[in-house]
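Novice: Test case, fold it:
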Amino acid sequence: MIHIQNISKQYGAKVLFEGASAQLGHRSRVALIGPNGAGKSTLIRILLHQEEADSGKVTRASHLSIGYLAQDLPRLSGKTVLSEVMRLDGRREELLKTKEELEQSLSEDPSDSASLERYGRILEEVDLMDEDRLEARAKQILSGIGFKESDFHRSLPEFSGGWLMRVALARILLMDPDLLLLDEPTNHLDLESLLWLEEFLRRFRGALLMISHDRAFLNRLVDEVWDIDQRRLVSYRGNLDAYRLQKAERLAVLEAQYQGQQAKIAEIERFVDRFGAKATKARQAQSRLKLLDKMERIELPEARASIRFRFPPAPPSGKEVVSLQDLGMRYGERLIFKGVNWTLQRGSRVAIVGVNGAGKTTLLKLLTGKATPSQGYVKLGHGAVVGYYAQLQAESLKLDRTILQELEEVAPEMPLSQVRGIAGAFLFSGDQVEKKCGVLSGGEKARVALAKLLLSPSNFLILDEPTNHLDIESKEILLEALRNYSGTLCVVSHDREFISPLVDSVLEIVPSSNLGQGSQVLQLLGQYEDYLKKKQVEILAAESRPVQSGKQESTFAPKETKSPSNNQKKSWEREKIKIEAEIAALELRQDALHRILGDVGTYEDKNKSLQLIEEQKKLEQSLTEKLVRWEELSLELERGV
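Specialist: Got it, this is the predicted structure:
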């Protein structure tokens, strides 16, 4: 479908990649990864023919339809959310307008053979677009990524940039193209929308190429990884976990080859130094020098600096860190919460979850004192010291200040050498600390904001989407630092692999369908993994009507409405008991796999570890399907009672 042949690209003195080759087939599912600035987005623009490679070529199949989601907000020309999504790539309006014009022309002259032939082609293309069901499919996609029915006919300027990115995503999903190119598609999604998108893309039957820092998302969707690193594009088979294993093995082999070559070079150089001036050995010395000149030198990748830090010891606090009593919050006429009672104990690690707009960020602001409740109160416990990382914390930096000035502001008493040391831990060393915040990338701004948090010792950390703009390696280092943090933690994040090992309880904010009721705040029993399974079951079970259009297919059949017979109910009961036993067995194996894959010794046997990773992926899919079926059977038996 797309062939990349020996392409190179550089900007000024910076070479992004050289001699890059790869191939995208009709069912390819590829993750495009690499450090920030490696050239991932540039490569996508080259594939789209929006930019030219310096050398080499990219060939594409004729009539290839591509849906592209960029990180930057595209131009939106529709008047409402629904009309913009149904605009697709602009071709729909053109087709419908031409169809209407031809119908008018043929009503005046039915014998016009050229118009008849063209009208037939237009009808065929409209039929392929499934115009009759387009609106229903558009609404289904919009609902899946978090829009309410009342949003469908709202004007686009009423929405924030994050919601407009969701509109752009819905539009390309509805296009149902041959190839989806997605650049950070999960950045503006909450967990529920992310899980829905994951299921949609798992059933998408075209090709997929994605850039994402969400490991769990990539692991479930891709079977090939393209890694841009050190000016090379290397392809690996398997998901992200398999890639990491294979890359580590490749680098170990490269290191061994490098050491062997260095020993050979040293041996030749010693011979030349020793015998080069002797007449009897001069010819041999010259021969070996020529061998040295012809030798293709093995280069090791440059060691990449990484964030390295630990949170300072948390000051002691009372047993109750914060208490909410009869809490209510209202913005104008809109009720957010009412009657919320909740106490957070010292040392707790809580994930605050819920759809966007339910009130997660509002609750965090109430906990930090940055918002005042409309009724009731928030009481911080004895000795509680809050450290707060807001979702837009990076955007709150003063753009005319330097990095060093931003850090000094929060630690005026700290020696300058110590402030510089903390800046260095976040990869800002030497003259880099004098860079203005206005010229920093999103990832660099996020690192400055985290460094400011580190400079203010606290015992109650409140984090709102702290991993936005961080690459995979930086997220892992932040996760390790937070796991070693000795204080109390509240975190909002849609990154499952980040939050799952970090928290021990879940607080869910559930919006009410009645605008006058406000959201419910529910302390959930069980771990974060239990909450994830519950959400996956809810999302899959909600797909009750099959959608069969183009490459997107839903496999869930509509529920029966007639009363079941006794024999049918007994059959369901037997199936439910059988599935419960199968679920229990799968969960036991899942726990065993988690322990095995958590042991570094497992990865000494490459083939075995790859098999285990693949087994884990298939097991998770099977477990989700069985949980969905169990939920369906439970509902049917409940209705049939």
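Novice: State the helix or strand in which Asp326 lies.
Specialist: Assessed by DSSP states H and E, Asp326 sits inside strand 320-331.
Novice: what comes up buried for the host helix or strand of Glu480?
Specialist: Using DSSP H and E, Glu480 sits within helix 472-483. Neighbour-count burial for helix 472-483, with 16 or more other Cβ atoms under 10 Å as criterion, is recorded at Ile472, Ser474, Lys475, Glu476, Leu478, Leu479, Ala481, Leu482. Where C-beta positions appear, they are placed from N, C-alpha and C, glycine not excepted.
Novice: Please compute how far whichever helix or strand comes after it lies from its chain's middle.
Specialist: Sequence order places strand 488-492 as the next helix or strand after helix 472-483, per DSSP H and E. Mean-position distance between strand 488-492 and its chain equals 20 Å (Cα atoms, centre = their mean, to the nearest Å).
Novice: Remind me what strand 488-492 packs against, helices and strands.
Specialist: strand 334-345, strand 349-353, helix 360-368, strand 460-464 (3 or more Cβ pairs under 8 Å, 6 or more residues apart in numbering; DSSP states H and E).
Novice: Can you tell me which of these is nearest to Asn36?
Specialist: In terms of Cβ to Cβ, the element of the helices and strands packed on strand 488-492 nearest to Asn36 is strand 460-464, at 21.3 Å.
Novice: Paired strands for the closest one, with orientation please.
Specialist: Here strand 460-464 has these sheet partners by DSSP bridges: strand 386-389 (parallel), strand 488-492 (parallel).
Novice: contacts for the longest one?
Specialist: By that I understand strand 488-492. Residues external to strand 488-492 that are found in contact with it (Cβ atoms under 8 Å, 6 or more residues apart in numbering): 314, 317, 321, 344-353, 360-361, 364, 367, 391, 459-466, 482, 499, 502-503.
Novice: Same check on stretch 71-78?
Specialist: Contacts of stretch 71-78 (Cβ under 8 Å, 6+ apart): 41, 84-87, 156, 161, 164-165, 167-168, 183-184, 187.
Novice: Can I get the residues you listed in JSON lines including pLDDT and secondary structure?
Specialist: As requested, the contacts of stretch 71-78 are exported to JSON lines (pLDDT from 0 to 100; DSSP: H, G, I helix; E, B strand; the rest coil):
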{"residue": "Ser41", "pLDDT": "87", "secondary structure": "helix"}
{"residue": "Glu84", "pLDDT": "89", "secondary structure": "helix"}
{"residue": "Val85", "pLDDT": "89", "secondary structure": "helix"}
{"residue": "Met86", "pLDDT": "86", "secondary structure": "helix"}
{"residue": "Arg87", "pLDDT": "82", "secondary structure": "coil"}
{"residue": "Leu156", "pLDDT": "89", "secondary structure": "helix"}
{"residue": "Gly161", "pLDDT": "79", "secondary structure": "helix"}
{"residue": "Leu164", "pLDDT": "90", "secondary structure": "helix"}
{"residue": "Met165", "pLDDT": "90", "secondary structure": "helix"}
{"residue": "Val167", "pLDDT": "92", "secondary structure": "helix"}
{"residue": "Ala168", "pLDDT": "91", "secondary structure": "helix"}
{"residue": "Asp183", "pLDDT": "90", "secondary structure": "strand"}
{"residue": "Glu184", "pLDDT": "88", "secondary structure": "coil"}
{"residue": "Asn187", "pLDDT": "81", "secondary structure": "coil"}
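Novice: If you rank the residues you listed by neighbours, which is first?
Specialist: Top of those by neighbour number is Val85, holding 29 neighbours under the definition other Cβ atoms under 10 Å.
Novice: Was I right to think it contacts Leu142?
Specialist: Yes: using Cβ atoms under 8 Å, Val85 is in contact with Leu142, at 6.4 Å.
Novice: shared neighbours, those two?
Specialist: With Cβ under 8 Å, 6+ apart, Val85 and Leu142 have common neighbours Ala170.
Novice: The host helix or strand of Gly120: which residues count as buried?
Specialist: Per DSSP H and E: Gly120 is located in helix 113-128. The neighbour-count check on helix 113-128 (16+ other Cβ under 10 Å) flags Ser115, Arg118, Tyr119, Ile122, Val126 as buried.
Novice: quick one: average confidence on that helix?
Specialist: The pLDDT scores in helix 113-128 average 72.
Novice: If you count contacts, what does the helix or strand just after that helix end up packed against?
Specialist: Per DSSP H and E, the first helix or strand lying C-terminal to helix 113-128 is helix 131-144. Counting contacts by 3+ Cβ pairs under 8 Å, 6+ apart, helix 131-144 packs against helix 81-86, helix 91-108, helix 161-175, helix 191-203.
Novice: Specify the angle between helix 131-144 and helix 91-108 in degrees.
Specialist: Relative orientation of helix 131-144 and helix 91-108, computed by axes from the mean of the first three to the mean of the last three Cα atoms, to 10 degrees: 160 degrees.
Novice: just for the stretch 301-450 of the chain, where's the confidence low?
Specialist: Residues of the stretch 301-450 of the chain meeting the criterion pLDDT under 70: 302-307, 392-395.
Novice: The helix holding Gly120 vs helix 91-108, what angle?
Specialist: If you take the same axes, to 10 degrees, helix 113-128 sits at 140 degrees to helix 91-108.
Novice: So what's the gap between helix 113-128 and the chain middle?
Specialist: On the basis of Cα atoms, centre = their mean, helix 113-128 sits 41 Å off its chain's mean C-alpha point.
Novice: could we number from 3 for the rest of this?
Specialist: All set: I'll call the first residue 3, so the last point we hit is now helix 115-130.
Novice: helices and strands around it, which ones?
Specialist: Helix 115-130 sits against helix 93-110, with contacts defined as 3+ Cβ pairs under 8 Å, 6+ apart.
Novice: Give me the buried stretch members for the helix it packs on, please.
Specialist: For helix 93-110, the neighbour count (16+ other Cβ under 10 Å) marks Arg94, Leu97, Thr100, Lys101, Leu104 as buried.
Novice: What is that helix packed up against?
Specialist: Helix 93-110 makes packing contacts with helix 115-130, helix 133-146 when contacts are defined by 3+ Cβ pairs under 8 Å, 6+ apart.
Novice: Now tabulate those in JSON lines and tack on distance to Ala413.
Specialist: Supplementary listing: these in JSON lines, determined by distance: least, Cβ to Cβ, whole Å:
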{"stretch": "helix 115-130", "distance to Ala413": "62"}
{"stretch": "helix 133-146", "distance to Ala413": "45"}
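Novice: one step back: figure out which of the helices and strands packed on strand 490-494 is closest to Val523.
Specialist: Per Cβ to Cβ, nearest to Val523 of those: strand 336-347, 4.8 Å.
Novice: and His190, how many neighbours?
Specialist: By other Cβ under 10 Å, 23 other residues sit near His190.
Novice: what about dumping the CA coordinates of stretch 611-619 to PDB?
Specialist: Presented in PDB, the C-alpha positions along stretch 611-619 are these (Å, rounded to 0.1, in the frame of the first residue of the first chain):
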ATOM      1  CA  SER A 611       9.200 -14.200  26.700                       C
ATOM      2  CA  LEU A 612       7.700 -13.300  23.300                       C
ATOM      3  CA  GLN A 613       5.300 -16.300  23.600                       C
ATOM      4  CA  LEU A 614       4.300 -15.200  27.100                       C
ATOM      5  CA  ILE A 615       3.700 -11.600  25.900                       C
ATOM      6  CA  GLU A 616       1.500 -12.900  23.100                       C
ATOM      7  CA  GLU A 617      -0.300 -15.200  25.500                       C
ATOM      8  CA  GLN A 618      -1.000 -12.300  27.800                       C
ATOM      9  CA  LYS A 619      -2.500 -10.200  25.000                       C
END
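Novice: Right, I'll leave it there.
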